[in-house]
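> dropping a prediction and its sequence here:
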Amino acid sequence: MMSIRNPDSSVEKRILDAAAACILAYGVERTTMTEIARRARVSRPTIYRRWPDIRWVIAELLTTRIAGVLEAVPDRGVGREAVVDRIVLVAEHLRNDEIVQSVIRNAPSLAMVYIAERLGTSQQIMVDALAEAIKLAQDDGSVRAGDPHQMGAMCLLITQSTIQSAQMVEAILDNEAIDVELSIALNGYLKP
């Protein structure tokens, strides 16, 4: 699902904030347009004018949250270590994001679209940001040669897998250990 707007308006922000509150209160599967509209203090038609159904609202919410994490974790400089540090910090934020984790765990049919079928808007934003950073790191010699977009996509897959499955191995890899191992994996993949 491509993002169909930038949620800059106060109405759209209220709707997305209400959707987040509903997900936290009721879970993804029990979140409804009616409850979102009530919490956002708008009519259901107001929501439907912006998004065709609840899946689009949730997709927009995820895009906003994930892109927000990317903005909140600034570039850490140029070079492989800086790229890897930023990826690991973004992954840590997303592993701890209640909304992202709720969708992964409680809405598997929605999550699977972005895990196995196609890139979402937020994933494409990540790949593009990674490709740009990888190209700069290639120019300084700290990242191996290769197509930056392909390498960015592979970094996304490695990191996305870590975010989605971290709870499965938490008895083996606590939060600190998973960050260390993700860093080692990404550094190994990118090094010249």
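In hand now; what should we look at? Numbers count the residues shown, from 1 in each chain.

> neighbours around D147, how many?
Using other C-beta atoms under 10 Å, D147 is surrounded by 11 other residues. (Each C-beta comes from the backbone N, C-alpha and C, glycine too.)

> and what of the one 5 residues further on?
Neighbour count of G152, defined by other C-beta under 10 Å: 22.

> i'd like the first residue to be 49 from this point on
Got it, the first residue is 49 from now on, which makes the last one we talked about G200.

> so it is in which element?
Take DSSP states H and E as the rule and G200 turns out to sit in helix 196-213.

> can you check A115 too?
Under the criterion of DSSP H and E, A115 resides in helix 102-120.

> which residues sit against the least confident helix or strand in the chain by mean pLDDT?
Lowest mean confidence among the helices and strands of the chain (mean pLDDT, DSSP states H and E): helix 156-160, at a mean of 79. Helix 156-160 is contacted by residues 76, 103, 106-107, 151-152, 212 when judged by C-beta atoms under 8 Å, 6 or more residues apart in numbering.

> quick check: buried residues in it?
For helix 156-160, burial by neighbour count (16 or more other C-beta atoms under 10 Å) applies to 158-159.
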